[in-house]
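Asker: What follows is a predicted protein model with its sequence.
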Amino acid sequence: MASEFFHRKVERNTIGFVLAIIGVASIGGIVEIAPLFTIHETVEEAPDMRLYTPLELAGRNIYIREGCYACHSQMIRTLRDEVERYGPYSLAVESKYDHPMLWGSKRTGPDLARIGDKYSDAWHVRHLIDPREVVPESIMPKYGWLARTELRTADLGEHLAAQRAVGVPYTPEMIENATADAYAQATPDSAGAGGVTERYGDATQMRVFDGDAARVTEMDALVAYLQILGRLTEAAYGEQPTAATE
Amino acid sequence: MSSYTGKPDPVTGRATTGHEWNGIEELETPIPRLVFFFLGAAFLFAVICWILYPTWPLVWSYTRGVLGTDQRSVVTRQVEEAAAERSAWTARVMDESPADVAADPALMRLVNEAGHTLFVDNCAACHGTRATGGLGFPNLTAKAWLWGDGSPEAIEETIRIGINSTNDDTRASQMLAFGRDGVLDTQKIDAVVAYVRSLSGLKPAAGDDAARIEAGRQVFADNCASCHGEEAKGNRDLGAPDLTDANWLYGSDAYSVFTTVYGGRQGHMPHWGARLSPLDTRILALYVHGLTRPAQ
């Protein structure tokens, strides 16, 4: 039979067989992922989208370093219980500047896609230092050393440059001032504070996040990041059926 | 070496595959028809889904499916349906005065059920699942209100705009840092701490004699009475707590009170107006208003 002959031939040709496996295995990707690059209506517009400040980006790096994504997702699905608990479902555009994306795939803790501005800074700090002090039933590990560890800011310009290389529109000016901006955002009374709002917008949250104005710690960065989650753009708060539009 | 012409198996008489391994041969057993049936059914199911739902990517667009539906419109419809389902009682919660709602036990049972879910999802992180609060987070069952008279309306307003929040209309309040900002020296702070603690009958700390308490009275009148009132009963228009009761937001021991006077305090409650609907805010306000102190 012809098909039997074909199979015998392919199976005995190593390179051919490897190519055939790759070809078959990539069908799913070609059908499901590749079209997203050409079908533009699958990604919404968000003209008000703002960038992560250097301090928030540093916090995001700490979030990745500590593996927060292993227990917390940042993706509210189109399910009624999720929309009613967490807020509007996540839009693709909200992850536009997330490299890598931190959607996650497991929720040991709650989803964090819209945690920004939900709780106070003081709560976040105490919760990170000892989760069980404020939520007795929590099984989250303690992250107290973040409050004692000075944030490394010297290389933040390079982090911004790396983000720019993958398409985040940081300007050369932002890259140049990254270290100073990170310090200024957590030290709002300092001279550099004006530059931060000038570069990143008036809505930028300028304050002492960890309650210690004397220095900029990793706690400052992580809380600054958590407090901006879901607030880079208002795009999701349009026509969506959130609890707020009931 | 195998051949393609399998010999019949001498024992069963059935055909073999033709492969032979050290004298062992394998019966030629066909795949059960049921497997092909389910395989076919799965294909058919897929084809029906292709027709009904958005599926195939075209280069610039995709097939919409004849149902014209997608996950987003489904969840929109589900949320709307759920809201419509409970509109019989939620309409009353919004239309009637909070006092009337609170006076209707049947209605309040529904309000408390929904309120508890909302509370656990949104408020319990700080105030605790039993609303008893913690250090820095007020106990909502104690009825020791910082802002307003404890009516559902006042609670609703606090939930909506927050306290020292990022909302433009926020309730705003700050306990000054009398020590750090150099308004009072440590001696005066010690005195006023002793006086304030004496107001609620706490056991005096070491060195808190009558003379110190008396000195503290004067310090209090000069510095604290403008917000906390001459009788230290607090001021619920300013968010200044009552210092004569048994509730201590930041601790009642002499060291904690000293820290409060020295470094000041500024609690922060986020605003929920953008996150919760007016209905949910009203339900939460009624729920919190109805909370009673849990049995110790």
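Answerer: Received the coordinates, thanks.
Asker: Identify each of the strands in the stretch 1-150 of chain B and give its residue range.
Answerer: B:16-21, B:24-27 (DSSP state E, counting those that start in this stretch).
Asker: For chain A, which of the ones you listed is the nearest?
Answerer: Comparison of the strands of the stretch 1-150 of chain B against chain A by C-beta to the nearest C-beta identifies strand B:16-21 as nearest, at 12.3 Å. For the C-beta atoms, the positions are set from N, CA and C on the backbone; glycine is no exception.
Asker: and the closest one, which residues are buried?
Answerer: Residues residue B:16 are the ones in strand B:16-21 that count as buried (16 or more other C-beta atoms under 10 Å in any protein chain shown).
Asker: quick check, that strand touching chain A?
Answerer: No. For a cut-off given as C-beta under 8 Å from any C-beta of the partner chain, strand B:16-21 has no contacts with chain A; the smallest distance is 12.3 Å.
Asker: In terms of secondary structure, what does that strand contact?
Answerer: Helices and strands touching strand B:16-21, as assessed by 3 or more C-beta pairs under 8 Å, 6 or more residues apart in numbering or on different chains; DSSP states H and E, comprise strand B:24-27.
Asker: avg pLDDT for the strand it packs on?
Answerer: Strand B:24-27 shows a mean pLDDT of 86.
Asker: So which residues make contact with it?
Answerer: Residues from elsewhere that reach strand B:24-27 (C-beta atoms under 8 Å, 6 or more residues apart in numbering or on different chains): B:6-7, B:9, B:12, B:14-19.
Asker: hang on, the earlier thing: make CSV from the strands of the stretch 1-150 of chain B and add distance to residue A:234 to it.
Answerer: Below are the strands of the stretch 1-150 of chain B laid out as CSV (distance: least, C-beta to C-beta, whole Å):
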stretch, distance to residue A:234
strand B:16-21, 66
strand B:24-27, 66
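Asker: of the contacts of strand B:24-27, closest to residue A:16?
Answerer: Using C-beta to C-beta, residue B:19 is the member of these that lies nearest residue A:16, at 23.4 Å.
Asker: any idea of the pLDDT on the closest one?
Answerer: 82.
Asker: Could you do residue B:283 as well?
Answerer: Per-residue pLDDT puts residue B:283 at 96.
Asker: Got the domain ranges for chain A?
Answerer: Per automatic domain parsing, the structural domains of chain A span A:2-42, A:54-245.
Asker: Of those domains, which stretch is the most buried?
Answerer: The highest mean neighbour count among the domains of chain A, using mean count of other C-beta atoms under 10 Å in any protein chain shown, belongs to domain A:54-245: a mean of 18.
Asker: who's in contact with residue A:36?
Answerer: Residues near residue A:36 by C-beta under 8 Å, 6+ apart: A:42-43.
Asker: Quick check: residues of the stretch 1-150 of chain B near chain A?
Answerer: Counting by C-beta under 8 Å from any C-beta, the stretch 1-150 of chain B comes close to chain A at B:57-62, B:71-72, B:74-76, B:78-80, B:82-83, B:121-122, B:124-126, B:128-129, B:134-137.
Asker: Now intersect the residues you listed with the helices, please.
Answerer: B:71-72, B:74-76, B:78-80, B:82-83, B:121-122, B:124-126 (DSSP state H).
Asker: Who are the contact partners of residue A:42?
Answerer: Residues near residue A:42 by C-beta under 8 Å, 6+ apart: A:36, A:92.
Asker: low-scoring stretches of chain A, by residue?
Answerer: Applying pLDDT under 70 to chain A flags the ranges A:1-2, A:239-246.
Asker: Of all residues in it, which one is closest to chain B?
Answerer: As assessed by C-beta to the nearest C-beta, chain B sits closest to residue A:35 within chain A, at 3.2 Å.
Asker: how about the helix or strand where residue A:85 lies as PDB, C-alpha atoms only?
Answerer: Using DSSP states H and E, residue A:85 sits in helix A:80-86. Extracted C-alpha coordinates of helix A:80-86, given in PDB (Å, rounded to 0.1, in the frame of the first residue of the first chain):
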ATOM      1  CA  ARG A  80     -18.900  35.400  36.700                       C
ATOM      2  CA  ASP A  81     -17.500  34.500  40.000                       C
ATOM      3  CA  GLU A  82     -14.100  36.000  39.100                       C
ATOM      4  CA  VAL A  83     -15.600  39.200  37.700                       C
ATOM      5  CA  GLU A  84     -17.700  39.700  40.800                       C
ATOM      6  CA  ARG A  85     -14.800  39.000  43.200                       C
ATOM      7  CA  TYR A  86     -11.900  40.700  41.600                       C
END
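Asker: what packs against the helix or strand that it is followed by?
Answerer: Once helix A:80-86 ends, the next helix or strand along the chain (criterion: DSSP H and E) is helix A:121-129. The contact analysis (3+ C-beta pairs under 8 Å, 6+ apart) places helix A:121-129 against helix A:131-134, helix A:145-148, helix A:218-226, helix B:124-127.
Asker: Tell me what angle the longest one forms with helix A:121-129.
Answerer: Read that as helix A:218-226. Taking axes from the mean of the first three to the mean of the last three C-alpha atoms, to 10 degrees, helix A:218-226 and helix A:121-129 form an angle of 120 degrees between their directions.
Asker: which helices and strands sit right next to helix A:218-226?
Answerer: Contact partners of helix A:218-226 among helices and strands, from 3+ C-beta pairs under 8 Å, 6+ apart: helix A:54-65, helix A:121-129, helix A:145-148.
Asker: which among the residues of the stretch 1-150 of chain B next to chain A end up buried?
Answerer: Among these, the ones that count as buried (16+ other C-beta under 10 Å) are B:57, B:75-76, B:78-79, B:83, B:121-122, B:124-126, B:128, B:134, B:136-137.
Asker: quick one on the thing from earlier: got the contact list for the residue of chain A closest to chain B?
Answerer: Counting by C-beta under 8 Å, 6+ apart, residue A:35 has contacts B:57-59, B:62.
Asker: Between the residues you listed, which sits nearest chain A?
Answerer: Of the contacts of residue A:35, the one sitting nearest to chain A (C-beta to the nearest C-beta) turns out to be residue B:57, at 3.2 Å.
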